[in-house]
Every structure is written in structure tokens, then in C-alpha cells.
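> just the structure for this:
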Amino acid sequence: MLNQPLKLSDTARRLLAESFGCFALVFCGTGAIVINDVSNGAIGHAGIAMTFGLIVLALIYALGDISGCHLNPAVSIGFWVARKFPGHLVAPYIASQFAGALLASLMLRVMFPGHPTLGATLPANGSAQSFLLEFILTWILMLVILCVSTGSKEKGAMAGIAVGALIALEAMFAGPISGASMNPARSGAPALVSMHLASLWIYLVAPVTGAIASVPLFYALQPSADDSVGPLDERMNVP
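Sure, this is the predicted structure:
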């Protein structure tokens with residue numbers, strides 16, 4: 001009987017995929033931070049950034065056709081604001097994402113009971129700087145996701161490579177300042193389990209507002225009806 005598929009509804013499959021995806025993201029990503037700390041820097045900052053990018057890339061290939069592989073409440077809200085995702089699924093997606101992330105942080109607490117933060121994102125130089133950085137990082141991320149996704153689904157070679165590489169890139173250069181979260185679930189889970197709540201508002205508000213702010217730019221970049229007649233060079237009479 002183990003080879004027989006469970007009789008889950010489409011919505012249940014989506015929510016299970018989002019919960020598993022966020023578990024994997026937080027377990028691997030913040031796990032890399034924790035293991036780097038307890039191993040005297042064996043992974044390194046670049047290794048942590050690559051861990052986040054690579055797990056997202058792998059999950060997009062694995063889950064993109066099931067749930068769209070949002071893995072991020074800000075992304076789900078961004079898709080909804082862009083009219084690419086049904087409103088009735090926003091709250092269930094967010095609940096599933098937080099559930100998976102919390103389970104991952106609880107698992108890391110069991111494995112590393114003495115670690116003080118469990119990879120929680122904390123501002124290095126004040127709230128304002130980290131808020132603005134998280135806003136801009138998510139603004140860029142959401143625009144790229146909207147441009148390479150199919151509807152509300154991150155799937156296919158283009159989405160996996162583009163989104164995974166961008167997350168690794170942004171974590172590489174911005175991680176030392178804000179943590180480069182861009183994800184309320186990724187930041188919320190370790191903050192709640194480790195009780196580092198003072199700066200959590202930054203990582204709940206900035207990614208959501210950044211994702212929403214990318215939507216007008218995305219639509220501004222889309223071709224108008226007049227632009228659909230042919231390639232740009234032909235429309236401009238360029239030989």
C-alpha cells in the first residue's frame with residue numbers, strides 16, 4: 001500500500017508542498033548558520049549564502065508544479081496583489097509556510113539546544129538601515145519572480161536558476177547587515193523559537209511592502225497592445 005498515492009485534494013497538496021518547502025528552506029538555510037557557528041566557521045558566509053540559493057533552486061524544480069513553490073508569505077502576497085494568485089489561498093499558504101518554518105526551527109532547537117539565535121535575522125547597524133535593505137532586496141526578488149514565473153508558479157529552468165541565484169547573490173552581499181531574509185517565515189520561525197523578538201517587525205513588514213512595491217514596476221515593464229505587433233527593432237524601423 002505504500003506505493004499508492006494519498007487521496008489529497010489539490011489544495012491540500014499545495015499546502016503540504018508549501019509547508020515541506022519552508023521546512024526544507026529553514027532547516028537547511030538557518031541550519032547552515034547554526035552549524036557554521038558551532039564548527040568555528042567551517043561553512044563560511046559564502047557557503048551560507050549558497051545554501052539558501054541552492055535549496056530554493058532545488059525546491060522550485062521539485063515543488064513548482066504543485067504549489068508554485070512560493071516558500072515565502074511576501075511572495076504569496078505579491079502574487080495576489082499582482083492578480084496572479086487567488087485571494088482565498090493567501091491565508092492558508094501563509095499558515096502552511098509558517099508551520100513548516102516553525103517545525104524546522106524547533107528541530108534545530110532539539111539538535112542544537114545551546115545555540116542562542118538558531119539563525120534568526122538581526123540588524124547589524126540599526127533598524128532603519130536593515131528595514132530599507134530588506135525592502136529593496138525583496139522588491140528586486142519579487143520583480144524577478146514575477147518576470148520568470150508562469151502565473152503564480154515558480155517552475156522550470158529559468159525560474160529555478162534565476163531565483164536561486166538571486167537569493168544567493170543578495171544573501172552574499174547583504175547578509176552581514178540585515179541577514180538578507182526577504183521572508184517573514186524564514187525570520188519569524190527562528191525568532192519565535194529563540195525568543196529574539198525585538199527586531200522581528202522589520203522582517204515581517206519590510207519584505208511584504210517590498211514585494212507589493214514591485215508589482216507596479218512589473219506591470220509598467222509589460223508591453224502595451226501597440227508593442228505586440230513585432231520585435232522592438234521592427235517597431236522602431238531599425239535595420
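> phi and psi next, for Thr150.
The phi/psi pair for Thr150 (degrees, to the nearest 10) reads phi -110, psi 110.
> since we're on it, how many residues are nearby?
By the criterion of other C-beta atoms under 10 Å, Thr150 has 14 neighbours. Every residue, glycine included, has its C-beta placed from N, CA and C.
> my read: it touches Gly156, true?
Yes. Assessed by C-beta atoms under 8 Å, Thr150 is found in contact with Gly156 at 6.9 Å.
> touching stretch 172-185 from outside, list them.
The contact list for stretch 172-185 (C-beta atoms under 8 Å, 6 or more residues apart in numbering) reads 22, 25-26, 45-46, 48-49, 71-74, 94, 97-98, 100-101, 120-125, 129-130, 133-134, 137-138, 141, 167, 170-171, 187, 202-204, 207-208, 210.
> what of stretch 207-224?
Here stretch 207-224 makes contact (C-beta under 8 Å, 6+ apart) with 72-75, 77-78, 81-82, 134-143, 146-147, 181-184.
> can you flag the buried ones in the contacts of stretch 172-185?
Buried members of the contacts of stretch 172-185, scored by 16 or more other C-beta atoms under 10 Å, are 22, 25-26, 48-49, 71-74, 94, 97-98, 100-101, 120-123, 130, 133-134, 137-138, 141, 167, 170-171, 187, 202-204, 207-208, 210.
> in strands, which of the residues you listed fall?
Taking DSSP state E, every one of the buried ones among the contacts of stretch 172-185 sits outside strands.
> so where do the strands sit in the chain?
Counting by DSSP E, the chain has no strands at all.
> what's the longest helix in it?
In the chain, assigned by DSSP state H, the helix with the most residues is helix 10-38.
> what helices or strands is that one leaning on?
Under the contact criterion of 3 or more C-beta pairs under 8 Å, 6 or more residues apart in numbering; DSSP states H and E, helix 10-38 touches helix 44-63, helix 90-111, helix 184-194.
> out of these, which one sits most buried?
Among the helices and strands packed on helix 10-38, ranked by average contacts under mean count of other C-beta atoms under 10 Å, first place goes to helix 184-194 (a mean of 25).
> which secondary structure element of the chain has the lowest mean pLDDT?
Lowest on mean pLDDT, DSSP states H and E among the helices and strands of the chain sits helix 232-235, with a mean of 47.
> spatially nearest residue to the residue nearest the centre of the chain (excluding sequence neighbours)?
For the chain, the residue nearest the mean C-alpha position is Asn72 (4.4 Å; C-alpha atoms, centre = their mean). Nearest residue to Asn72 in three dimensions, chain neighbours excluded: Asn183, at 4.4 Å (C-beta to C-beta, 6 or more residues apart in numbering).
> can you get me a residue count around the one you found?
Going by other C-beta under 10 Å, the residues that sit close to Asn183 add up to 31.
> now do it against Leu122, distance only.
15 Å (C-beta to C-beta, to the nearest Å).
> try Val110
Taking C-beta to C-beta, one finds Val110 at 22 Å from Leu122.
> then Met111?
Using C-beta to C-beta, one gets 21 Å for the distance from Met111 to Leu122.
> again with Met195
Met195 is 13 Å from Leu122, where distance means C-beta to C-beta.
> likewise for Phe23?
Per C-beta to C-beta, Phe23 is found 22 Å from Leu122.
> please apply the same query to Ala180.
Per C-beta to C-beta, Ala180 is found 12 Å from Leu122.
> and for Ala165?
Distance, Ala165 to Leu122, using C-beta to C-beta: 25 Å.
> then Ile94?
Counting by C-beta to C-beta, the gap from Ile94 to Leu122 is 23 Å.
> just Leu15 next, same as before
Applying C-beta to C-beta, the value for Leu15 to Leu122 is 30 Å.
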